[in-house]
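K.L.:
Quick one: sequence and predicted model below, then my questions.
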Amino acid sequence: MCSPGRSFTWEELACHNTETSLCVAIRGEVFDLTEFARRHPGGRDILLASAGRDVTQLFETYHGDDKNVILKKFLVGTLTSNEFPTYPPPSKFWLTLRARVHDHFTRSRRDPRYHPLALPRYALILLACGVGWYWSCVAPDVSFWTRLVVSVLTGMAQAQVGLTILHDGSHFAITSTPWVWKLCGAAYDLATGVSHHVWTFQHTLGHHLYTNIYGADPDVSPMPIRRLSPEQEWKPTHQGQEVVLLPLYGVMATMARVTDVTDIYVKRSVGPIRVNPIRWLDTAIFWGAKVLYLLYRWAVPIYVLGLHQALPLLLVSDFVGSYYLAYLFAVNHAVGAVAWPVPNAKNTMDMDWATSQVATSLDYAHGSVFWTLFSGALNYQTEHHLFPGINQLYYPELAPIVMNTCEEFGVKYNYRDTFGEAFQGHVSYLSVMGKIPNVKVD
């Protein structure tokens, strides 16, 4: 445990990232939660993942900005430096919006983390994955072309596991029960062969806290052939990235099954976000799911159909799922219509966190039941980034509240009428970022 009354640099805080020494920082204060972790109503997993870092925005997203009496008991010191940029205190815009959304659910007497259609939807998606696997890979007397069509649908079903079950679980947006969230993560591992554990660091602790901030958001990490942020140094290899990257999106899922191993055991980071030591349960889920996935998803089809027939079916399914996810993710943030915030000389942001979430997100096709279900409600990305702990099926209800409050406070709300317009914005942005550094696209 940490001694009270001391000062911590962020490097010193980073050392307290285990079950036996678990400290976090919130608004410049350091708390030792080693003993409290066992009693945390939200479970131990998120505290263990958060350990050793500044989790101000994560805490305020789920608990508000008031460090309660219970938390004050664990105060042990102050944080004197920052690993990543920090945000100003919540603005009046955010306080007003948060109160209005809270009132919306209070008046209707509904739990924002539970929607009655969510669990049946999960069951249908998992059933689709199982039925798709059987008819595409092992069912007897099925033509190759029928198997091919089913493989396409199976790839889409696997992507839906990520868009719904994983996404809701990783944001604690399905019930208030930690073991349900863990089960959601394990289901994703088993259905896709990709680790939910790595996703927690990349997405929950990285992308959502530092959206579009170069050097902090893992989703905009530099690559030799990709330039998303105007802050990234331009290189000749970025030219024509809109032509190169779009096809490569198809191998995203396949690559993720390998990179999650290196992220946990070799680099111990996902882009700029450090990955904490992995527990025995997560280790068992990680490797157990990978072995089972390789057996049922690859070994069994190859044994039943032969390599010559199974391989193209498996690759098509993988490509479809990868394209599905990559194209949906790309249009929400990697477009010229949104902001790419830059910290000032003191490594602080000018906008508070909520205003930054609105500025860096793009919505599209509001009111479309198809796009809401097909995209996992990513067409309401602004609402999701502001309220990740609310189940995605409620986002259509929240959009008018968010849009009206944005208008009232003069906060620009980014929106396109169709997915096609949003996708064109992504392609155009890739083109410009590949050609001319530091150009803003409308």
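P.N.:
Structure received.
K.L.:
how about Phe409, what does it touch?
P.N.:
For Phe409, the contacting residues are Ser91, Lys92, Phe93, Thr96, by CB atoms under 8 Å, 6 or more residues apart in numbering. All C-beta spots, glycine's among them, are computed from the backbone N, C-alpha and C.
K.L.:
For Leu294, which three-state class applies?
P.N.:
Going by DSSP: H, G, I helix; E, B strand; the rest coil, the secondary structure assigned to Leu294 is helix.
K.L.:
That one: neighbour count?
P.N.:
When neighbours are counted by other CB atoms under 10 Å, Leu294 registers 13.
K.L.:
Spell out which residues sit in contact with the residue lying closest to it once chain neighbours are set aside, please.
P.N.:
Distances taken as CB to CB, 6 or more residues apart in numbering put Gly193 closest to Leu294, at 7.2 Å, once the chain neighbours are dropped. By CB under 8 Å, 6+ apart, the contact set of Gly193 is Arg257, Ala289, Lys290, Tyr293, Leu294, Arg297.
K.L.:
Test my guess that His40 contacts Thr34.
P.N.:
No: contact status for His40 versus Thr34: not in contact, 11.3 Å apart, counting by CB atoms under 8 Å.
K.L.:
okay, the two: which has more neighbours?
P.N.:
Ranked by neighbour count (other CB under 10 Å), His40 and Thr34 place Thr34 first, with 19 against 14.
K.L.:
For the more buried one, which non-adjacent residue is closest in space?
P.N.:
Of all residues not flanking Thr34 in the chain, Leu22 sits nearest, at 4.5 Å (CB to CB, 6+ apart).
K.L.:
Can you say which helix or strand has that neighbour in it?
P.N.:
Using DSSP states H and E, Leu22 maps to strand 21-26.
K.L.:
what do you get for Cys129?
P.N.:
Per DSSP H and E: helix 118-133 holds Cys129.
K.L.:
Show me what whatever helix or strand comes next after that helix is packed up against.
P.N.:
Using DSSP H and E, the helix or strand that follows helix 118-133 in sequence is helix 144-160. In this structure, helix 144-160 makes packing contacts with helix 118-133, helix 307-333, judged by 3 or more CB pairs under 8 Å, 6 or more residues apart in numbering; DSSP states H and E.
K.L.:
Tell me which of those lies nearest to Asn68.
P.N.:
Of all the helices and strands packed on helix 144-160, helix 118-133 sits nearest to Asn68, with 28.7 Å by CB to CB.
K.L.:
Could you give the separation of that closest one from the chain centroid?
P.N.:
From the chain centre to the centre of helix 118-133 is a distance of 21 Å (CA atoms, centre = their mean, to the nearest Å).
K.L.:
just stretch 90-110 next, same as before
P.N.:
A distance of 23 Å separates the centroid of the chain from that of stretch 90-110, by CA atoms, centre = their mean.
K.L.:
May I see the buried residues of the helix or strand bottoming out on mean pLDDT in the chain?
P.N.:
None of the helices or strands of the chain scores lower by mean pLDDT, DSSP states H and E than helix 69-72, at a mean of 82. Buried residues in helix 69-72, counted by 16 or more other CB atoms under 10 Å: Leu71.
K.L.:
Would you state the strands of this structure in chain order?
P.N.:
Counting by DSSP state E, the chain has strands at residues 6-8, 17-18, 21-26, 29-32, 53-54, 75-79, 269-270, 273-274, 363-364, 415-416.
K.L.:
rewinding a little: residue contacts, the residue nearest to Thr34?
P.N.:
Contacts of Leu22 (CB under 8 Å, 6+ apart): His16, Asp32, Leu33, Thr34, Ala37, Leu47, Leu48, Ala51, Gly52.
K.L.:
Could you give the bridge partners of it?
P.N.:
Counting by DSSP bridges, Leu22 forms beta bridges with Asn17.
K.L.:
Surely Ile165 is in contact with Ala123?
P.N.:
No: when contacts are counted by CB under 8 Å, Ile165 is not listed as touching Ala123 (9.9 Å).
K.L.:
So for these two, which residue has more residues nearby?
P.N.:
Ile165 (27 against 11).
K.L.:
Can you check the pLDDT for the more buried one?
P.N.:
Predicted confidence (pLDDT) for Ile165: 98.
K.L.:
so who does it touch?
P.N.:
Residues in contact with Ile165, defined by CB under 8 Å, 6+ apart, are Tyr122, Ile125, Leu126, Cys184, Ala187, Tyr188.
K.L.:
Could you check the pLDDT of Ile436?
P.N.:
What the model reports for Ile436 is a pLDDT of 70.
K.L.:
Could you give the number of residues near it?
P.N.:
Using other CB under 10 Å, Ile436 has 10 other residues around it.
K.L.:
list the contacts for it?
P.N.:
For Ile436, the contact set (CB under 8 Å, 6+ apart) comprises Trp234.
K.L.:
for Leu33, same thing?
P.N.:
Leu22, Cys23, Val24, His40, Leu47, Ala51, Phe74 are the contacts of Leu33 under CB under 8 Å, 6+ apart.
K.L.:
which one of those residues is nearest Ser361?
P.N.:
The closest of the contacts of Leu33, once distances to Ser361 are taken by CB to CB, is Val24, at 26.0 Å.
K.L.:
what about the nearest residue to that closest one once chain neighbours are set aside, distance to Arg6?
P.N.:
If the residues on either side of it in the chain are set aside, Val24 comes closest to Val55, at 4.9 Å by CB to CB, 6+ apart. According to CB to CB, to the nearest Å, Val55 stands 19 Å off from Arg6.
K.L.:
who has more neighbours, these two?
P.N.:
Comparing Val55 with Arg6 by other CB under 10 Å, the one with more neighbours is Val55, at 20 against 11.
K.L.:
Now for Cys137: which residues touch it?
P.N.:
With contacts defined as CB under 8 Å, 6+ apart, Cys137 is in contact with Arg147, Arg297, Val300, Pro301, Val304, Leu305, Ala310, Leu313, Leu314.
K.L.:
hmm, 10 Å instead?
P.N.:
Residues in contact with Cys137 (CB atoms under 10 Å, 6 or more residues apart in numbering) are 147, 150-151, 154, 296-298, 300-305, 309-310, 313-314, 317.
K.L.:
What are the boundaries of the helices in the stretch 151-300 of the chain?
P.N.:
Applying DSSP state H, counting those that start in this stretch to the stretch 151-300 of the chain gives helices spanning 167-170, 178-192, 196-199, 241-248, 252-262, 280-293, 300-305.
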